[in-house]
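**Student:** The following comprises the amino acid sequence and a computationally predicted model.
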Amino acid sequence: MSHNPVELRNVDFFYTANDPAPGVPPAVGLEAAEGVTQVFSDLTLGLPAGVISLVGQNGSGKSTLLLLAGARLFPAQGTVTLLGIDTREFLNAAEDPELEERRNELVSFVYQNMEFETEEPIGELMEFVYENGFHRDKNGSFLQELRGTLELEHLLSKRTQQLSKGELQRAIVAFSMLYGSHIIMMDEPVFALEDYQKHRVFEMLVDFAARTGTSIYYSVHELELTRKYSDYMALFHGQGMVEVGRTEDLYSKEKIEEAYQVPMDLLYKKEGLYRESLLKLSRQKP
Ligand SMILES: Nc1ncnc2c1ncn2[C@@H]1O[C@H](COP(=O)(O)OP(=O)(O)OP(=O)(O)O)[C@@H](O)[C@H]1O
Ligand SMILES: [Mg+2]
């Protein structure tokens with residue numbers, strides 16, 4: 001019996017050329033073949049409790065690992081366990097609302113490409129999510145605190161599709177905390193925010209994690225955020241190699257330059273460029 005909320009054992013994972021969208025389980029047990037992108041091969045690791053930051057180059061597998069650990073994708077071989085439960089139990093969650101809810105109680109997911117339209121204004125949605133979510137102790141001051149810290153007060157009457165990218169991202173971060181899953185996976189949750197807001201959001205997430213015992217796993221491209229706001233790091237070295245350790249041990253110039261294969265100062269420049277490209281992409285949605 002292990003104490004890590006997420007355990008991967010001997011996991012193989014690959015995308016095939018005609019995969020359904022992420023979140024829809026790929027066929028289990030396919031052999032590697034033409035048109036196949038192998039992301040992980042015989043990967044064994046544990047993701048500890050607490051706040052964990054996933055960092056590494058584009059395409060190194062951060063989103064894929066979050067999706068596997070969040071029971072949104074499933075391994076071709078090997079097992080992923082989530083609080084002791086084999087994620088294969090949730091293979092059919094997309095077609096079974098009860099199963100989906102059980103999965104979401106364990107783990108919720110903030111997707112990298114935010115696509116999210118609603119009928120109701122976000123103020124009502126926040127209340128609804130909080131009332132119907134899984135928190136055991138609920139109090140109105142938490143809602144108020146979120147509205148304030150995430151600067152949502154003036155947006156409460158708007159629907160998600162009427163928000164800017166940054167505003168939507170702040171609303172989604174609020175929903176994810178209000179829902180009350182044991183674990184929250186967040187894929188690039190702050191890329192559209194101003195710098196001061198990124199720090200504010202992460203301060204809040206770290207405090208929330210400690211206060212509620214929620215584990216938060218996030219991917220991020222700003223190493224400064226990783227350094228300041230994570231207990232553990234999962235450092236992606238490419239070719240499906242992932243190193244997990246305490247941030248204070250793993251966060252070093254040598255390790256990071258090895259993983260990214262570029263000098264540290266260049267990396268800081270790249271982060272800015274990457275953020276711009278994500279914003280451009282997300283503006284292109286219909
Ligand atoms: N739906 C898909 N179909 C085919 N290949 C995919 C799919 N999604 C990701 N891949 C490939 O899997 C590998 C890992 O991708 P992943 O999205 O997990 O990387 P990442 O570390 O999250 O990258 P980024 O920093 O750009 O978000 C990459 O080689 C990518 O091209
Ligand atoms: Mg990604």
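**Tutor:** In hand now; what should we look at? Ligands and ions are numbered 1, 2, ... in the order given.

**Student:** Show me where the stretch 1-150 of the chain has its helices.
**Tutor:** 62-69, 97-106, 122-132, 140-149 (DSSP state H, counting those that start in this stretch).

**Student:** Export those helices as CSV, with columns for mean pLDDT, mean neighbour count and distance to residue 168.
**Tutor:** In this view, the C-beta of every residue, glycine as well, is placed from N, C-alpha and C. Conversion of those to CSV gives the following (pLDDT from 0 to 100; neighbours: other C-beta atoms under 10 Å; distance: least, C-beta to C-beta, whole Å):
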stretch, mean pLDDT, mean neighbour count, distance to residue 168
helix 62-69, 97, 25, 19
helix 97-106, 96, 15, 20
helix 122-132, 95, 17, 9
helix 140-149, 94, 14, 15
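
**Student:** The ones you listed into CSV, with extra columns for distance to residue 200?
**Tutor:** Conversion of the helices of the stretch 1-150 of the chain to CSV gives the following (distance: least, C-beta to C-beta, whole Å):
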stretch, distance to residue 200
helix 62-69, 23
helix 97-106, 26
helix 122-132, 17
helix 140-149, 6
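
**Student:** and of those helices, who's closest to ligand 1?
**Tutor:** Of all the helices of the stretch 1-150 of the chain, the one in closest proximity to ligand 1, counting by C-beta to the nearest ligand atom, is helix 62-69 (3.3 Å).

**Student:** How about the residues of the stretch 1-150 of the chain by ligand 2?
**Tutor:** Neighbours of ligand 2 within the stretch 1-150 of the chain, by C-beta under 5 Å from the ion: 62-63.

**Student:** and for the helix or strand containing residue 256, what are the contacting residues?
**Tutor:** Taking DSSP states H and E as the definition, one finds residue 256 inside helix 253-260. For helix 253-260, the external contacting residues (C-beta atoms under 8 Å, 6 or more residues apart in numbering) are 55-57, 60, 223, 235-238, 243, 263-264, 267.

**Student:** Give the partner strands of the helix or strand residue 234 falls within in its sheet and their orientations.
**Tutor:** Under the criterion of DSSP H and E, residue 234 resides in strand 232-238. Strand 232-238 has the following strand partners under DSSP bridges: strand 51-56 (parallel), strand 241-246 (antiparallel).

**Student:** These: which one's closest to ligand 1?
**Tutor:** Nearest to ligand 1 among those is strand 51-56 (5.9 Å), distances taken as C-beta to the nearest ligand atom.

**Student:** Could the C-alpha coordinates of the closest one be exported in PDB?
**Tutor:** Output for strand 51-56, consisting of C-alpha atoms alone and laid out as PDB, is shown next (Å, rounded to 0.1, in the frame of the first residue of the first chain):
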ATOM      1  CA  VAL A  51       1.400  20.800  -4.600                       C
ATOM      2  CA  ILE A  52       3.300  19.400  -7.500                       C
ATOM      3  CA  SER A  53       4.600  21.300 -10.600                       C
ATOM      4  CA  LEU A  54       5.100  19.500 -13.900                       C
ATOM      5  CA  VAL A  55       7.800  21.200 -16.000                       C
ATOM      6  CA  GLY A  56       9.700  20.400 -19.200                       C
END
